[in-house]
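**Q** sequence? don't have it. structure:
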């Protein structure tokens with residue numbers, strides 16, 4: 001066996017390093033695609049593109065997360081996706097079941113109405129306190145009355161925000177009118 005020349009060693013070395021180029025390129029492309037798809041699917045227009053979400057959007061229009069004295073708007077992604085890129089991407093993977101339901105089952109009409117309560121509970125369960133605390137600082141919340149003061153002093157850190165504030169993000173027009181009549185903003 002003859003010893004390799006310097007040129008042959010360089011060629012061999014280049015081929016060995018070239019073996020990493022394709023997998024690395026695919027990984028970068030996958031990451032760019034995942035982040036781009038995540039951005040696209042986090043937009044309100046994407047959320048509303050499925051007919052199943054229209055009722056959710058209509059009830060969101062009556063909520064203080066869209067209409068409030070401060071003029072601050074919380075979008076779908078602010079509540080329904082956890083903060084942090086990795087947590088958000090993991091949640092997006094978990095929410096792929098919604099796309100599968102839309103494409104394969106195509107729920108509508110009577111069947112969809114029967115499942116509405118269950119789907120609403122599942123949607124509420126996916127809202128983390130971390131999502132709420134991105135905007136709401138419990139130390140700066142000024143309770144309107146003693147009941148709210150007691151509730152916040154005993155519940156914060158022990159009970160999920162959404163267990164008491166389940167209608168903050170989505171309200172029927174009837175509930176919104178009732179609360180307005182009673183002078184309640186929550």
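**A** Done, it's in. Keep in mind that what you see is a predicted model, and the values were worked out from it rather than measured.
**Q** residue contacts, the most centrally placed residue in the chain?
**A** Taking CA atoms, centre = their mean as the criterion, residue 81 is the residue nearest the geometric centre of the chain, at 2.1 Å. Contacts for residue 81 (CB atoms under 8 Å, 6 or more residues apart in numbering) come out as 42, 88, 91, 92, 131. Quick note: C-beta positions are derived from backbone N, CA and C, even for glycine.
**Q** how does it look with 6 Å?
**A** 88, 91 (CB atoms under 6 Å, 6 or more residues apart in numbering).
**Q** number of nearby residues for residue 124?
**A** 18 (other CB atoms under 10 Å).
**Q** what's the separation between it and residue 64?
**A** Counting by CB to CB, to the nearest Å, the gap from residue 124 to residue 64 is 16 Å.
**Q** got phi/psi on the residue nearest to the centre of the chain?
**A** Torsion angles at residue 81 (phi, psi; degrees, to the nearest 10) stand at phi -130, psi 140.
**Q** what helix or strand is the closest residue to residue 166 other than its chain neighbours located in?
**A** Distances taken as CB to CB, 6 or more residues apart in numbering place residue 124 nearest to residue 166, at 5.9 Å, with adjacent residues excluded. Using DSSP states H and E, residue 124 falls within helix 109-125.
**Q** quick check: next helix or strand after that helix?
**A** Per DSSP H and E, the first helix or strand lying C-terminal to helix 109-125 is helix 129-133.
**Q** show me what counts as buried in that next one.
**A** Within helix 129-133, the residues that count as buried by 16 or more other CB atoms under 10 Å are 129, 131, 132.
**Q** what about the closest residue to the first one other than its chain neighbours, how many residues nearby?
**A** Spelled out, that is residue 129. Nearest residue to residue 129, sequence neighbours excluded (CB to CB, 6+ apart): residue 161, at 5.2 Å. Counted with other CB under 10 Å, the neighbours of residue 161 add up to 19.
**Q** now residue 137
**A** Neighbours of residue 137 (other CB under 10 Å): 8.
**Q** kindly report the same for residue 153.
**A** Residue 153: 10 neighbours (other CB under 10 Å).
**Q** over to residue 101?
**A** 15.
**Q** what of residue 144?
**A** Count around residue 144 with other CB under 10 Å applied: 12.
**Q** helix, strand or coil for it?
**A** Three-state call for residue 144 (DSSP: H, G, I helix; E, B strand; the rest coil): coil.
**Q** can you read off the pLDDT for it?
**A** Looking at residue 144, its pLDDT is 80.
**Q** what of residue 13?
**A** 54.
**Q** one more: the one 5 residues further on?
**A** The pLDDT attached to residue 18 in the predicted structure is 66.
**Q** one more: residue 78?
**A** 91.
**Q** any idea how far it lies from residue 146?
**A** 30 Å.
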